[in-house]
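Enquirer: return a 3D structure for these sequence lines:
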Amino acid sequence: MAQQASDMNATVTLPETGGAPLSFSKADIQGMSLNSGGELQITLKDGHIFTIQNFSELAQHDVKIALKDGSVLDTGALMDTLAQNLSPVTITQPEAGIVAEYNLTPGQKYTLAFDLSKGNTVEQKGDALIITFDDHGQIVFKNFAEAMDSETQPEIIYNGGIYVSLDEFFQTLHLADAIKSHILQPESTVPVQGETNLASISNQDILANKLAGIEPAAGGGEGGGASSNGYGFQSSVDAAPLGSPPPIGPIGPTALAFGLPEFTEPIHPIDEPGPVKISPPSILVNGGIDDAIVKEDGSVVIPIVAALGAGGDGDEVLTVTVTGISATWGFSAPVGTYDPATGTWTITLPAGTDLSTNFTFTPPHDSDLDLSGLTATASAFDPDTGKSTSATDNFNVVTDAVADVPTINAANGTVNEGQPIAVNITAAVTDTDGSETITGYKIAGVPTGFTFNHGHAGTVAGEWVLTPAELAGLQMTS
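Expert: This next block holds a predicted model:
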């Protein structure tokens, strides 16, 4: 037996009885899934994966697996739930002379992508079912007998029919053997024990063939009629009393033609457990307002609220994630973990706990670029069933551009009375990313009787207005 209790990232085979508890608790589980080989993969919140190789066998015996915290995994119920999520497996005819072996997984659907009626033979040897093709290629279902005994049997679809349980598939093979022995073969032909030739037999004409073997004339002896030894063969007509209708002899298998109705449901309904539902969580960012506004060179606080859905039993686990955060932006939150490399913030809360917190976003200095395409996701996981469900809310942070205060300098000057004086003004923007420019100047407090050689008087007394180009060669005169 593989080690159970020490390695948090392991592939193990567990005993059916007497095993030690696994090394993790219910609250450590992020999710569970079943692969096509019947192995149970348990994903833990720390990123490790714990694989139980013989999970299918454990589920067939309804083994209970103990966890570190004393809780128990019911393998039978878990198999019924997870098997519903398995994708169908397509089995194709192998190349000539090649033997392809398969282990059937309980609950798994299989599509036989070849024609069973094309001269193939099917036989059961021990626990295996073997399909042999004319070119000596073989398909071997190694654990066929074991899969037949499972509570959640695999399902098979073949020859363009519908999915049937493994038991129904096997019954069809037996019916095909009966048809081969009593209808399709001469009476002197003895079929080989345990072997079925499925030539010209499909899962849609088997029933019609058997109906064609019914002898309508068979009945009680008092009225005269036919006595039968089988499927309408070797019958004899008894003498009929005078005045009675003449007896009707046996009708040969080709005398009646029966059409097979098209079934919209399986002939033998399969009782399957319904899906276990977990209510979706809710999530709301910024009170439902998609665009949060932040001033350039400022910060904005954005609230986020997420909650588990109603109807849970208190052990559901809520994980909240926000993606799309730019590494050039400032970001902080009082809880959770932020990874600037991936632009992702996430938190997994204790079982049964909701989230209410705030994010702080700060745009890059002197930038009015927006941060769009942010997605907040709330995922709820039920460790009892391995089911998860989620909800999302998209939002943006929009930067409202603000002009920074520029710098300006004007030099003092002296001149003789009546002479013009040169005015030297220099200015510059402090936001140097190219998003801001100086568009004009105003000089206030100009004494009465003084003017400038460039620009024009403003609307307010003592005010003079200039463009940046008019600063060159600027002079003041009286």
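
Enquirer: pretty sure residue 360 contacts residue 299?
Expert: Yes: contact criterion CB atoms under 8 Å: residue 360 and residue 299 qualify, at 5.7 Å. All C-beta atoms are positioned from the backbone trio N, CA, C, and that covers glycine.

Enquirer: are there residues contacting both of the two? Which ones?
Expert: Listed as contacting both residue 360 and residue 299 by CB atoms under 8 Å, 6 or more residues apart in numbering are residue 330.

Enquirer: now stretch 303-313: buried residues?
Expert: Neighbour-count burial for stretch 303-313, with 16 or more other CB atoms under 10 Å as criterion, is recorded at 304-309, 312.

Enquirer: then stretch 336-355?
Expert: Neighbour counts over stretch 336-355 (16+ other CB under 10 Å) mark 336, 338, 343, 345-349, 351, 355 as buried.

Enquirer: adding pLDDT, distance to residue 430 and secondary structure, write those out as a markdown table.
Expert: Listed next are the buried residues of stretch 336-355 as a markdown table, based on pLDDT from 0 to 100; distance: CB to CB, whole Å; DSSP: H, G, I helix; E, B strand; the rest coil:
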| residue | pLDDT | distance to residue 430 | secondary structure |
| --- | --- | --- | --- |
| 336 | 95 | 36 | coil |
| 338 | 96 | 31 | strand |
| 343 | 95 | 30 | coil |
| 345 | 97 | 32 | strand |
| 346 | 96 | 38 | strand |
| 347 | 96 | 39 | strand |
| 348 | 95 | 44 | strand |
| 349 | 95 | 44 | coil |
| 351 | 92 | 52 | coil |
| 355 | 96 | 40 | strand |
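
Enquirer: re earlier: just the ones of the buried residues of stretch 303-313 in strands?
Expert: Assigned to strands by DSSP state E, the following of those qualify: 304-307.

Enquirer: which one of those sits closest to residue 402?
Expert: Nearest to residue 402, judged by CB to CB, of these is residue 304 at 26.0 Å.

Enquirer: closest to residue 39 among the buried residues of stretch 303-313?
Expert: Of all the buried residues of stretch 303-313, residue 39 sits closest to residue 312, with 28.0 Å by CB to CB.

Enquirer: low-confidence bits of the stretch 151-300 of the chain, can you list those?
Expert: 174-277 (pLDDT under 70).

Enquirer: if you set the cut-off to 50 instead, what comes out?
Expert: Low-confidence segments of the stretch 151-300 of the chain (pLDDT under 50): 183-196, 198-204, 206-207, 209-272, 274-275.

Enquirer: neighbouring strands for the lengthiest strand in the chain, and are they parallel or not?
Expert: The longest strand of the chain (DSSP E) is strand 387-400. When pairing is defined by DSSP bridges, strand 387-400 lines up against strand 291-295 (parallel), strand 371-382 (antiparallel).

Enquirer: picking that back up, in a markdown table: the buried residues of stretch 303-313, plus distance to residue 165 and pLDDT.
Expert: Shown next, in a markdown table, are the buried residues of stretch 303-313 (distance: CB to CB, whole Å; pLDDT from 0 to 100):
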| residue | distance to residue 165 | pLDDT |
| --- | --- | --- |
| 304 | 48 | 96 |
| 305 | 47 | 96 |
| 306 | 42 | 95 |
| 307 | 41 | 95 |
| 308 | 37 | 93 |
| 309 | 34 | 90 |
| 312 | 33 | 84 |
